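Student: Predicted model, plus sequence, below.
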Amino acid sequence: MHYKQALYFAAAHHERDGESRSCHLLDSSQRASPQESHIPETEHEGERSARALPGDPLPVTVWAPNPARHGIQHARVQVRLHLQKQPHSLLRLRQALRRSVFRQQSSRRMPRSQTRPMAAASLPFPDLPDASCRTAGSCPLTLLFTAENHSLAETVTAGMYGSAWNVTDFGSDIYAISATHALGSDSEPGKNDYIEPAFSVGGPIYYLQRNCSDVEKSGFYIGMEHPCMANNHKCNLRDAFDTLAQNDLMISNSYLQFLLGPVTKMLFEFVKEMPKPESSLRLDLSSLLGALFFTWVILQLFPQQKLRIMMKMHGLGDGPYWMISYGYFLAISVTYMSCFVIFGSLLGGWIIVMELYPGFALYRGLYEFGQFSFDASLSENGGMKWQNLSESTNGMKEKKTPLPTPDTEMQVSKVFSHMDKRDVIQEMEKVEELLLEPTINHAIVCDNLQKVYPGRDGNPDKFAVRGLYLSVPQGECFGMLGPNGAGKTSFINMMIGLEKPSSGAAFVQGLDIRTQMDGIYTTMGVCPQYDLLWESLTGREHLLFYGRLKNLKDSALTQAVEEYLKSLNLFHGGVADKQAGNYSGGMKRRLSVAISLIGDPRVIYMDEPSRGLDPASRKSLWNVVKHAKQNRAIILTTHSMEEAEALCDRLGIFVNGSLQCVGNPKELKARYGGTYVFTMTTSSDHEKDVENMVQRLTPNANKIYHLSGTQKFELPKEDVKIGDVFQAVDAAKRNFTVSAWGLVDTTLEDVFIKVAREAQAFETLS
Ligand SMILES: Nc1ncnc2c1ncn2[C@@H]1O[C@H](COP(=O)(O)OP(=O)(O)OP(=O)(O)O)[C@@H](O)[C@H]1O
């Protein structure tokens with residue numbers, strides 16, 4: 001059943017001879033005629049009866065007293081709702097009735113007499129007073145009710161007011177009850193604060209109407225007479241708004257939506273973009289939670305969109321961003337407002353479906369927020385006030401916990417652990433020198449940079465980056481290696497402005513990342529760990545967009561776009577003009593790399609740029625990076641040792657947030673390798689023979705691997721000569737069958753594993 005047909009449960013409290021009673025209205029479907037209705041003597045009885053209707057298709061039962069029998073002298077209208085089965089209807093109905101009835105009770109919300117109805121040619125009420133009533137303050141009070149069910153209107157009126165009421169049928173649209181016996185104001189000034197009975201012509205009029213469709217069906221009810229009525233029932237939102245503003249009654253939700261729609265949508269998008277908060281400032285207002293809940297759900301369901309930061313990183317200023325965003329969301333807002341009104345008018349119930357759209361749900365939340373304050377205004381407590389915000393009791397504000405600073409003792413122990421790392425200490429000294437005498441040659445200088453994530457759910461704080469000293473000159477590609485969770489991405493995120501450092505500083509081209517990020521963005525290119533692309537834009541459009549942000553124009557722009565499309569294998573076969581949403585993972589990665597390079601940034605960060613690339617694509621990517629690093633500083637993280645060796649001039653191995661070693665790949669291999677790796681595969685019976693052979697070569701050999709006949713040994717370089725190894729293998733071959741053997745110099749991978757293991761072992765011990 002349509003919710004509007006299920007509608008109203010109204011109780012008119014009335015006072016007679018000092019005795020308080022209730023009268024109720026009964027829906028026509030629940031009673032044969034007004035005369036047969038049960039008339040509960042008390043409000044309590046009425047409610048009980050309403051609950052006692054088993055299987056009631058209408059969740060509401062409405063009773064009406066016979067005013068003749070009950071002799072209503074003084075009444076205050078109160079509306080009660082029992083629409084548990086249809087919460088949405090309930091909301092709308094409550095809204096309608098509250099505005100139409102409750103507000104009439106409040107002296108603050110009483111319509112001023114200048115805005116009450118008076119006789120007009122277009123109005124079908126001959127008993128309305130003329131215009132002079134407005135100055136005399138004697139115009140009747142008017143209430144509008146919305147309903148679609150014709151018979152309901154008749155029942156309500158007949159049941160409540162008996163034959164004393166005239167029901168005027170305005171075609172199929174409006175039902176008007178012209179009152180001689182009516183609830184409402186009398187004409188005496190000063191007595192208008194409460195609704196009182198007026199047994200005279202010119203008393204108030206109650207309408208049951210379903211028109212004013214664009215107002216009503218957009219979900220907003222007007223609680224009193226407004227120009228729709230004087231305009232042959234043809235309403236428009238503008239009129240309604242004017243009336244509302246004039247009557248000082250309420251701020252229309254529609255108004256709010258219209259003005260705030262783009263802002264709330266922007267807010268919504270902004271929240272999506274925000275990194276999850278580290279400190280806990282919580283708003284616990286129940287009504288606001290409704291709105292924020294949806295946002296939270298979205299945050300959980302979808303990965304964080306950091307496109308704004310991405311655009312910022314490529315030079316988009318805040319002003320243009322907000323202007324464009326406002327314009328964009330205004331257009332969206334207007335569109336869906338229109339849909340809301342149109343759909344609402346045509347298919348009332350579809351509004352529930354439309355509320356699945358976040359914007360609507362948000363407005364709904366805002367509406368509830370409004371209701372909260374409205375409820376508060378009806379009760380004695382004044383609702384939430386600004387001064388309550390800082391009170392701890394109301395839960396609006398929780399003490400903002402300062403970001404923990406790293407334990408000093410721990411830092412000291414880390415510093416000591418660095419003492420045996422010559423290269424790391426040298427790097428620290430270089431940074432200190434550079435800070436004393438800054439030079440633009442060094443594009444990146446990190447000074448004791450730290451990142452600490454506060455512990456959650458009882459977990460300790462996470463020290464992702466602990467006191468990093470690093471300097472990267474122009475023209476250098478610095479490779480950041482490290483096991484998973486070492487802190488590489490946290491470091492990059494600080495450098496590109498996604499995260500704030502917990503302490504320490506870093507300078508990019510002399511600009512401080514803590515305060516001058518806007519300046520840094522203009523000279524920076526970023527290939528983030530996860531591709532941040534617009535699914536609906538093509539590769540070419542992405543590059544054109546970011547190229548423009550980097551101030552490339554005309555032929556320089558198209559030339560740069562073509563160049564990067566070609567060099568990253570995104571040009572041929574129409575790939576450049578395919579939407580990025582249809583790209584494979586590798587193509588997206590290549591596009592991200594191209595975006596980071598376009599516009600000639602001086603400093604580039606690449607977080608695992610070759611992740612997911614096939615060997616051929618990786619090779620072409622390497623060529624591009626090699627070419628790009630001239631005159632630029634590049635910081636690159638990778639898990640591929642091959643890539644690190646191919647691209648990086650220097651490498652740093654990062655473990656548990658600390659730099660364990662720095663140097664070029666050869667140096668690192670020489671320093672941390674110092675061994676050959678000898679491998680031999682025989683049958684299992686001869687494993688012992690192989691061991692003995694290796695022992696004869698050097699007693700300092702170290703077995704590092706053993707699996708079904710295959711053994712691997714580290715041989716210190718200073719103990720063995722390569723020729724001796726060959727001779728020993730030849731001798732062994734004469735004694736038993738050797739399936740395979742090999743002697744290799746230490747690889748970068750060996751260095752990496754060794755350094756990481758040692759650092760982790762040290763961490764465990766300390
Ligand atoms: N937002 C965060 N809140 C809390 N802890 C975090 C957060 N981001 C990262 N961490 C933690 O910080 C540590 C470093 O993470 P990070 O992502 O920087 O490592 P990584 O070296 O980039 O790892 P990978 O190679 O897997 O990408 C990890 O232990 C991680 O769990």
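Tutor: Here it is on my side, so go on.
Student: Endpoints of stretch 569-586, how far apart?
Tutor: The distance separating the two terminal residues of stretch 569-586, taken as CA to CA, to the nearest Å, comes to 10 Å.
Student: buried set for it?
Tutor: When neighbours are counted by 16 or more other CB atoms under 10 Å, the buried residues of stretch 569-586 are found to be 569-571, 575-576, 580, 583, 586. Using the backbone N, CA and C atoms, a C-beta is placed for each residue, glycine as well.
Student: Identify those among those residues that sit within helices.
Tutor: Using DSSP state H, the subset of the buried residues of stretch 569-586 located in helices is Gly586.
Student: Let me know the closest of the buried residues of stretch 569-586 to the ligand.
Tutor: Nearest to the ligand among the buried residues of stretch 569-586: Gly586, at 18.4 Å, using CB to the nearest ligand atom.
Student: Quickly note the distance from that closest one to Leu568.
Tutor: Going from Gly586 to Leu568 by CB to CB, to the nearest Å gives 10 Å.
Student: so where does Val662 fall, helix or strand?
Tutor: Element membership of Val662, judged by DSSP states H and E, is strand 658-663.
Student: Ok, Pro609 next?
Tutor: Assigned by DSSP H and E, Pro609 belongs to no helix or strand.
Student: Now do the contacts for it.
Tutor: With contacts taken as CB atoms under 8 Å, 6 or more residues apart in numbering, Pro609 has the following neighbours: 527, 589, 592-593, 596, 621, 625, 636, 638.
Student: ok, of the residues you listed, which come out buried?
Tutor: When neighbours are counted using 16+ other CB under 10 Å, the contacts of Pro609 contain these buried positions: 527, 589, 592-593, 596, 621, 625, 636, 638.
Student: ok, the strand holding Val662 near the ligand or not?
Tutor: No - on the criterion CB under 6 Å from any ligand atom, strand 658-663 is out of touch with the ligand, staying 11.8 Å away.
Student: can you list the residues of the stretch 401-550 of the chain near the ligand?
Tutor: Proximity of the stretch 401-550 of the chain to the ligand is confined to 453, 462, 464, 482, 484-490 under the rule CB under 6 Å from any ligand atom.
Student: Narrow these to those in helices?
Tutor: Checked against DSSP H, those include these in helices: 488-490.
Student: buried subset of these?
Tutor: Burial by neighbour count, judged by 16+ other CB under 10 Å, picks out 488-490 from these.
Student: Same list, those residues, but as a markdown table with pLDDT and distance to Val655 please.
Tutor: Compiled in a markdown table, these are given as follows (pLDDT from 0 to 100; distance: CB to CB, whole Å):
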| residue | pLDDT | distance to Val655 |
| --- | --- | --- |
| Lys488 | 91 | 10 |
| Thr489 | 89 | 14 |
| Ser490 | 92 | 13 |
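Student: for those, which one is nearest Leu659?
Tutor: For these, the closest approach to Leu659 (CB to CB) belongs to Lys488, at 10.8 Å.
Student: which residues does the closest residue to the closest one other than its chain neighbours bridge with?
Tutor: Closest residue to Lys488 apart from its sequence neighbours, by CB to CB, 6 or more residues apart in numbering: Thr637 at 4.3 Å. Thr637 forms beta bridges with Met480, Asp607, as assigned by DSSP bridges.
Student: and Thr637, how far is that from Leu597?
Tutor: When distance is defined by CB to CB, Thr637 is 17 Å away from Leu597.
Student: Neighbour count for the two, which is higher?
Tutor: More crowded of Thr637 and Leu597, by other CB atoms under 10 Å: Leu597, with 26 against 23.
Student: What distance do you get for that one to Ala731?
Tutor: Between Leu597 and Ala731 the computed distance is 56 Å (CB to CB).
Student: contacting residues for the closest residue to Ile722 other than its chain neighbours?
Tutor: Of all residues not flanking Ile722 in the chain, Leu743 sits nearest, at 6.8 Å (CB to CB, 6+ apart). Contacts for Leu743 were tallied using CB under 8 Å, 6+ apart; they are 676-679, 722, 725.
Student: and the ligand, which of these reach it?
Tutor: Checking those against the ligand (CB under 6 Å from any ligand atom), there are no matches.
Student: so which of those residues comes closest to the ligand?
Tutor: Looking across the contacts of Leu743 and measuring by CB to the nearest ligand atom, the closest to the ligand is Val677, at 25.6 Å.
Student: circling back to that earlier point, inside strands: which ones of the contacts of Leu743?
Tutor: Residues from the contacts of Leu743 lying in strands, with DSSP state E as the criterion: 676-679.
Student: can you pick the most crowded of the residues you listed?
Tutor: Highest neighbour count within these: Phe678, with 26 neighbours (other CB under 10 Å).
Student: Checking the spatially closest residue to that residue that is not a sequence neighbour next. Helix, strand or coil?
Tutor: If you skip the residues right next to it in sequence, Phe678 has Phe713 as its closest partner in space, 4.8 Å away by CB to CB, 6+ apart. Of the three states, Phe713 takes strand according to DSSP: H, G, I helix; E, B strand; the rest coil.
Student: Next up, the contacts around Phe713.
Tutor: The contact partners of Phe713, taken as CB under 8 Å, 6+ apart, are 677-679, 694, 701-704.
Student: Flag every residue of the protein that's near the ligand.
Tutor: Proximity of the chain to the ligand, by CB under 6 Å from any ligand atom, involves residues 453, 462, 464, 482, 484-490.
Student: Would you check which pair of those lies furthest apart?
Tutor: Between any two of the residues of the chain next to the ligand, the greatest separation by CB to CB is 16.8 Å, found for Tyr453 and Gly482.
Student: more neighbours, the two?
Tutor: Comparing Tyr453 with Gly482 by other CB under 10 Å, the one with more neighbours is Gly482, at 26 against 16.
Student: The more buried one reaches Val655, doesn't it?
Tutor: Yes - with contact taken as CB atoms under 8 Å, Gly482 and Val655 are classed as touching, separated by 5.9 Å.
Student: before we move on, the earlier item: closest to Glu429 out of the buried residues of stretch 569-586?
Tutor: Glu429 lies nearest to Gly586 out of these, by CB to CB, at 41.7 Å.
Student: Give the helix, strand or coil label for the residue nearest to the closest one when sequence neighbours are not counted.
Tutor: The shortest distance from Gly586 to any residue that is not its chain neighbour, by CB to CB, 6+ apart, is 5.0 Å, and that residue is Leu613. The assignment at Leu613 comes out as coil when based on three-state DSSP.
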